[in-house]
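Visitor: Need a 3D model of the following:
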Amino acid sequence: MNTSVTFRNTMPLAGISRAGHLTLFDTSAEFHGTGSAPSPMEMVLESLAACSMMDVISILKKKRREVIFLAAEVDADRADEHPKVFTAIRVLYRLESPDCTPEDFERAVSLSMEKYCSVTAMLRRSGCRIEWKTAQIH
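Guide: Prediction:
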């Protein structure tokens, strides 16, 4: 994997992957940004959600479950001192599916968070506590 991030006179920063995918990063005016894009730390939380959701979708589809809607709401605490790393993260997964049982959904999320999601593993290894809950929409 490789990517590059560039700054051209003003925020946002532009990240470009090897495949040419563009990602914008910004910050608040307090830190010389414009607030026009997520901060790098917000992107980490979004990456955790996206990584895990991709796992959950894959696991449920392998079980031949229909996924109509899946969302992850992420809430986090950060250290007070620099570097202000994440110390705790809570994720609430919401699923709409006509044929997925609560047990199947919980198992898929558990497998993702405990075994497959690389972003979760990196954050845990830094000392961050990660918790999750599941809820089904009917």
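Visitor: List the buried residues of the helix or strand hosting Val44.
Guide: Taking DSSP states H and E as the definition, Val44 sits inside helix 40-62. Neighbour counts using 16 or more other C-beta atoms under 10 Å place 43-45, 47-49, 51-53, 55-57, 59-60 of helix 40-62 among the buried residues. All C-beta spots, glycine's among them, are computed from the backbone N, C-alpha and C.
Visitor: Parallel or antiparallel, list what pairs with whichever helix or strand comes after it.
Guide: Note on helix 40-62: by DSSP H and E, the next helix or strand toward the C-terminus is strand 69-78. Taking DSSP bridges as the criterion, strand 69-78 sits next to strand 86-96 (antiparallel) in its sheet.
Visitor: Using CSV, write out every CA atom in the partner strand.
Guide: C-alpha atoms of strand 86-96 as CSV (Å, rounded to 0.1, in the frame of the first residue of the first chain):
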residue,chain,number,x,y,z
PHE,A,86,-8.2,7.7,21.7
THR,A,87,-8.6,6.1,25.1
ALA,A,88,-12.1,4.6,24.6
ILE,A,89,-14.4,4.0,21.7
ARG,A,90,-18.0,2.9,21.7
VAL,A,91,-19.8,1.7,18.5
LEU,A,92,-23.5,1.2,18.1
TYR,A,93,-24.4,-0.9,15.0
ARG,A,94,-27.9,-0.7,13.6
LEU,A,95,-29.1,-3.3,11.1
GLU,A,96,-32.2,-3.7,9.0
